[in-house]
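Student: What would the 3D arrangement of this be:
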Amino acid sequence: MQQRRIGDRTVSAIGLGAMPLSTKDDRPAPEDAQAVVHAALDAGVTLIDTADAYARDEAEFGHNESLVAAALASYGGDTSSVLVATKGGHTRRGTDWELDGSPAHLRKACEDSLRRLGVDAIGLYQYHRPDPETPWEESMGALRQLADDGLVRMVGISNADIAQIDVARSIVGPSLASVQNQFSPGWRFSADELAHCAAHGLAFIPWSPFGGVTAAGSLSSTAPAFAEVAGELGVSVYRVTLAWHLAQSDVVVPIPGASRPSSIQDSAAAANLQLTPEQLTRLSA
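Tutor: Residues are numbered from 1 along each chain as shown. Below you'll find the model as predicted:
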């Protein structure tokens, strides 16, 4: 599989966004969810994205991290090259999503994630979303401290604008490796942030690359140019969409979600799909 760089790590060009395995009422059974992770590893995926808040509700906070850890532990092959990226800064009150970017919370959240993942240091620790109640600079200082203390190997930020990216660069320093923002055929508002990441050597990790869980099923109708190119190539519209993501820049590493092994297998194949300049022009119009 084609590979990309996140900081000092080489990872697969397509990652696995593990959120669908934990957040929905109709989510897969634990053994089926682990089978999805195993299928991703079999397909050459070496980046798995999770978060402490990926759960149905407050009572099972951390569910997705524990699931990912169990799937890696039960996999029969070598997992030493797998980079697990997790996030902190979101909290849950019942089924509601809330924010806490305070240094005290981020320190405790990181320590709890370390325990659930069963690692000495988190490969990529990402600040989930800006907290309007906590100055951005304070949250970035907390992330820098986590890196300086050896609890995390690399730092990422999520849902950040260009000004916030630059503040993070100045405070976190070389430990800052990535930005994870929403980006998809129907949501291209982070194009400037993507270009900024490319200019500064930061990985850009698009979340919801198909437009989100509810929108993914109607991608063919909402993005007709992508469906048209998929028909020309005889592949799924999802494979074309991920190939289009990869063509944006060599810093892009999309993380499609999957709840079935066949879905992540199809997504992983996008790393080897070449789109022509004419096709890319149509998709980017």
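
Student: Tell me the helix or strand right after the host helix or strand of residue 170.
Tutor: Counting by DSSP states H and E, the element that carries residue 170 is helix 162-172. Next helix or strand after helix 162-172 toward the C-terminus (DSSP H and E): strand 176-180.

Student: what packs against that next one?
Tutor: Strand 176-180 sits against strand 122-127, strand 152-158, helix 162-172, helix 191-200, strand 203-204, with contacts defined as 3 or more C-beta pairs under 8 Å, 6 or more residues apart in numbering; DSSP states H and E. In short, each C-beta sits where N, CA and C put it, glycine included.

Student: May I see the buried residues of the helix-or-strand element of the chain with minimal mean pLDDT?
Tutor: Lowest on mean pLDDT, DSSP states H and E among the helices and strands of the chain sits helix 213-216, with a mean of 79. The neighbour-count criterion (16 or more other C-beta atoms under 10 Å) identifies 215-216 as the buried residues of helix 213-216.

Student: export it as PDB, just CAs?
Tutor: What follows is helix 213-216, C-alpha atoms only, in PDB (Å, rounded to 0.1, in the frame of the first residue of the first chain):
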ATOM      1  CA  VAL A 213     -22.000   8.500   8.800                       C
ATOM      2  CA  THR A 214     -25.500   9.600   7.600                       C
ATOM      3  CA  ALA A 215     -24.200  11.200   4.400                       C
ATOM      4  CA  ALA A 216     -22.000   8.300   3.300                       C
END
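
Student: Am I right that residue 101 sits in a strand?
Tutor: No: in this structure, residue 101 is coil, not part of a strand, as judged by DSSP: H, G, I helix; E, B strand; the rest coil.

Student: So which residues of the stretch 1-150 of the chain form strands?
Tutor: Counting by DSSP state E, counting those that start in this stretch, the stretch 1-150 of the chain has strands at residues 3-6, 9-12, 16-17, 47-49, 83-88, 90-93, 96-99, 122-127.

Student: of all these, which lies closest to residue 116?
Tutor: Closest approach to residue 116 among the strands of the stretch 1-150 of the chain is made by strand 83-88 (8.7 Å; C-beta to C-beta).

Student: That's all I had, so thanks and see you.
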